[in-house]
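Student: Predicted model, plus sequence, below.
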Amino acid sequence: MLLRALQAKEIRAVGDDRPRRVDVRVLAATNRDLLAEVEAGRFREDLYYRLSTIVIDVPPLRARGRDVVQLARAFLAREAAQQGLELELEPAALEALAAYPWPGNVRELQNAIARLATLASAPRITVADVERHVTARRRLPSGDALPTLEIEALERLAIEAAMKKHAGNKRAAAAELGIALKTLYNKLERYAGEGR
């Protein structure tokens, strides 16, 4: 049906007995190499050639160091405005952010800047702040070995560790975890309801 819509520019709505003409542009995004997927037989070749009129390759954030700097400044300006603060990143902090691999791409950078804006000790965010709150490897309380592979249990351990580390300060714990404060409140409320 999608191929027909792309090729013939017509669709048939559920329950309709006649097709309708449509004039649309389709934008599709993926994090996979579709040509490789076609060659491996995991993506339809005819669909690929109908979708690939113009292909824009956007490399991951780790390959765009200059973009990291610009995005970090923009995210920090937004955080500063929301918190009513004057914040800035020192040049060495920007270099450290640009050198970090950003496995979570732009979303991870955005959360990291929110964390820095909340937890940094001064209005001027230093490379030490970046190392402490962004690039440092975080470990679960149990050390190197994971106590379980159950996602909810690991999430709970991380939340409990962050709450303990920040002496119950929910805003600081949420910033460190990279989650919304409301999300943290909801999870803590659920844990309390479970009686632990």
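Tutor: Sure thing, it's come through.
Student: Please count neighbours and contacts with C-alpha atoms only from this point.
Tutor: Will do.
Student: For the residue nearest in space to the middle of the chain, give me its contacts.
Tutor: When C-alpha atoms, centre = their mean is applied to the chain, the residue found nearest the centroid is R107 (2.8 Å). Taking C-alpha atoms under 8 Å, 6 or more residues apart in numbering, we find R107 in contact with no residue.
Student: try R124
Tutor: L87, E88, L89, E90.
Student: leaving aside the residues next to it on the chain, what's closest to the first one?
Tutor: Spatial nearest neighbour of L87, excluding adjacent residues (C-alpha to C-alpha, 6 or more residues apart in numbering): P123 at 4.6 Å.
Student: And the one you found, how close does it get to A29?
Tutor: 38 Å (C-alpha to C-alpha, to the nearest Å).
Student: Which of these two has more residues huddled nearby?
Tutor: P123 (13 against 8; other C-alpha atoms under 10 Å).
Student: shouldn't that one be in contact with E86?
Tutor: Yes - between P123 and E86 a contact is recorded at 6.2 Å, counting by C-alpha atoms under 8 Å.
Student: Flag every buried residue along the helix or strand where the residue nearest to the centre of the chain lies.
Tutor: Here R107, judged by DSSP states H and E, is contained in helix 105-119. The neighbour-count check on helix 105-119 (16 or more other C-alpha atoms under 10 Å) flags V106, L109, Q110, N111, A112, I113, A114, R115, L116, A117, T118, L119 as buried.
Student: Relative to L47, which of the residues you listed is nearest.
Tutor: When those are compared for distance to L47 (C-alpha to C-alpha), V106 wins out at 28.8 Å.
Student: Per the annotation, how does the protein divide into domains?
Tutor: 2-51, 61-135, 151-193 (automatic domain parsing).
Student: Most tightly packed of the ones you listed?
Tutor: Of the domains of the chain, the one with the most neighbours on average (mean count of other C-alpha atoms under 10 Å) is domain 61-135, at a mean of 18.
Student: Average pLDDT for it, rounded please.
Tutor: Domain 61-135 shows a mean pLDDT of 91.
Student: and that domain, how far apart are its ends?
Tutor: End-to-end distance for domain 61-135: 15 Å, by C-alpha to C-alpha.
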